[in-house]
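**Q** no sequence on hand, only this structure:
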């Protein structure tokens with residue numbers, strides 16, 4: 001048995017020495033051994049920063065980052081050997097920095113970091129643009145990181161049709177936007193300098209998890225019909241097993257966020273001087289608690305994936321590697337390493 005993943009990567013300078021074509025790789029994880037191997041590459045799109053698909057669907061959506069962002073839809077063709085990706089549709093739009101793509105039924109959401117924009121597209125046909133929100137507020141026009149709006153995700157709000165939660169790193173806010181309505185609403189305002197990056201909602205409870213890029217924290221949020229409230233805040237750096245493996249790095253920032261299918265486990269990655277993944281658990285009293293630190297054997301773990309809660313695979317952007325760990329034992333066990341340049345996104349295909 002095996003699991004297959006789409007891998008997105010930067011393909012252009014300054015992240016690579018010269019422009020390249022292979023924006024997507026398909027890799028294999030052997031579920032018995034944990035060994036990684038390369039399957040194929042796709043040259044239809046470049047600078048792929050995020051993926052989305054729906055359970056049971058045979059389509060994959062990808063967003064490419066750049067001055068002109070690109071949304072693409074692929075057909076996932078499953079064969080007896082390995083899945084392949086067939087480009088069905090692609091649309092370009094003049095909003096800089098596409099960093100997130102989400103899927104809500106027949107609607108695709110896209111967040112553009114550099115331009116502070118969120119867009120909706122039809123998931124079918126030619127990926128027609130449906131709506132666009134341009135955010136204007138920022139925390140500090142004189143700062144380096146929050147001098148403009150930075151929309152980082154647009155996630156479906158559970159139980160609210162056509163409503164999406166937008167984490168804005170540049171505004172220290174989580175907004176809601178509603179399909180058909182022109183005006184965003186503030187769902188959460190955090191302290192200045194926190195930098196919300198990614199939000200995920202619990203699958204069954206009225207809770208959400210928010211990772212903050214600049215303050216390196218995990219926030220547990222209470223969710224009501226229209227707003228969010230901070231229930232708990234925990235750091236994601238400073239734990240005993242965290243190791244400074246890149247002392248020359250100039251930054252320390254949070255990156256990716258994932259939760260288990262039942263919402264009982266939460267993982268967050270650190271990048272910069274410390275490069276690891278921190279695991280938390282949700283307790284019966286609906287508080288979160290630190291569990292352990294999982295290494296990544298690399299630098300800038302921009303993305304990672306949890307596989308059946310048995311394996312973790314980490315995509316290390318700066319060290320150009322994907323590393324697998326077995327995590328169902330008392331201590332994480334390094335299994336395999338695969339070289340992929342400037343890797344920044346992972347998504348399980350089958």
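**A** Thanks, I have it. Nothing here was measured: the structure is a model prediction, and the numbers come from that model.

**Q** and residue 245, how many neighbours?
**A** Close neighbours of residue 245, defined as other Cβ atoms under 10 Å, add up to 16. Backbone N, C-alpha and C define where each C-beta goes, glycine included.

**Q** dump the residue contacts of the closest residue in space to it that isn't next to it in sequence.
**A** Distances taken as Cβ to Cβ, 6 or more residues apart in numbering place residue 275 nearest to residue 245, at 5.7 Å, with adjacent residues excluded. Applying Cβ atoms under 8 Å, 6 or more residues apart in numbering, we find residue 275 in contact with 245, 246, 269, 296, 298, 299, 300, 301, 316.

**Q** any chance of CSV for the residues you listed, columns secondary structure, pLDDT and distance to residue 23?
**A** Formatted as CSV, the contacts of residue 275 follow (DSSP: H, G, I helix; E, B strand; the rest coil; pLDDT from 0 to 100; distance: Cβ to Cβ, whole Å):
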residue, secondary structure, pLDDT, distance to residue 23
245, coil, 93, 28
246, coil, 95, 26
269, strand, 98, 22
296, coil, 97, 22
298, coil, 96, 20
299, coil, 98, 21
300, coil, 98, 18
301, strand, 98, 20
316, strand, 98, 18
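
**Q** what separates the residue nearest to residue 245 from residue 65, distance-wise?
**A** 21 Å (Cβ to Cβ, to the nearest Å).

**Q** cool, and residue 164?
**A** 20 Å.

**Q** phi and psi next, for residue 165.
**A** phi -90, psi 130 (degrees, to the nearest 10).

**Q** where in the stretch 201-350 of the chain is pLDDT low?
**A** Within the stretch 201-350 of the chain, no stretch has pLDDT under 70.

**Q** and the strands in it?
**A** 207-212, 217-223, 228-235, 252-259, 265-272, 276-282, 288-295, 301-307, 311-316, 321-326, 333-339, 343-348 (DSSP state E, counting those that start in this stretch).

**Q** ok, so of the contacts of residue 275, who is nearest residue 346?
**A** residue 301 (10.4 Å; Cβ to Cβ).

**Q** which residues touch stretch 229-242?
**A** 188, 190, 207, 211, 216-222, 252, 254, 268, 270, 274, 276, 278, 280, 286-288, 290, 292-293.

**Q** buried residues in that stretch, which are they?
**A** Within stretch 229-242, the residues scored as buried using 16 or more other Cβ atoms under 10 Å are 233, 234, 236, 237, 242.

**Q** can you pull up the most central residue in the protein?
**A** residue 256 (5.2 Å; Cα atoms, centre = their mean).

**Q** quick check: closest non-adjacent residue to that residue.
**A** residue 269 (4.6 Å).

**Q** state the distance from the one you found to residue 307.
**A** 15 Å.

**Q** out of the buried residues of stretch 229-242, which is nearest to residue 175?
**A** Nearest member of the buried residues of stretch 229-242 to residue 175, counting by Cβ to Cβ, is residue 233, at 20.0 Å.

**Q** can you pull up the bridge partners for that closest one?
**A** residue 219 (DSSP bridges).

**Q** and it, how far from residue 199?
**A** Relative to residue 199, and taking Cβ to Cβ, residue 233 is found at 14 Å.

**Q** quick one: buried residues of stretch 286-298?
**A** Quick answer for stretch 286-298 (16+ other Cβ under 10 Å): 288, 290, 292, 293, 294, 295, 296, 297, 298.

**Q** elements contacting the helix or strand harbouring residue 50?
**A** Taking DSSP states H and E as the definition, residue 50 sits inside strand 48-52. Packing partners of strand 48-52 (3 or more Cβ pairs under 8 Å, 6 or more residues apart in numbering; DSSP states H and E): strand 2-9, strand 59-64, strand 98-104, strand 343-348.

**Q** the same query, at a cut-off of 10 Å, please.
**A** For strand 48-52, the elements it packs on are strand 2-9, strand 24-30, strand 59-64, strand 69-77, strand 98-104, strand 107-112, strand 301-307, strand 343-348, judged by 3 or more Cβ pairs under 10 Å, 6 or more residues apart in numbering; DSSP states H and E.

**Q** chain center to stretch 125-143: distance?
**A** Centroid displacement of stretch 125-143 relative to its chain, using Cα atoms, centre = their mean, to the nearest Å, is 18 Å.
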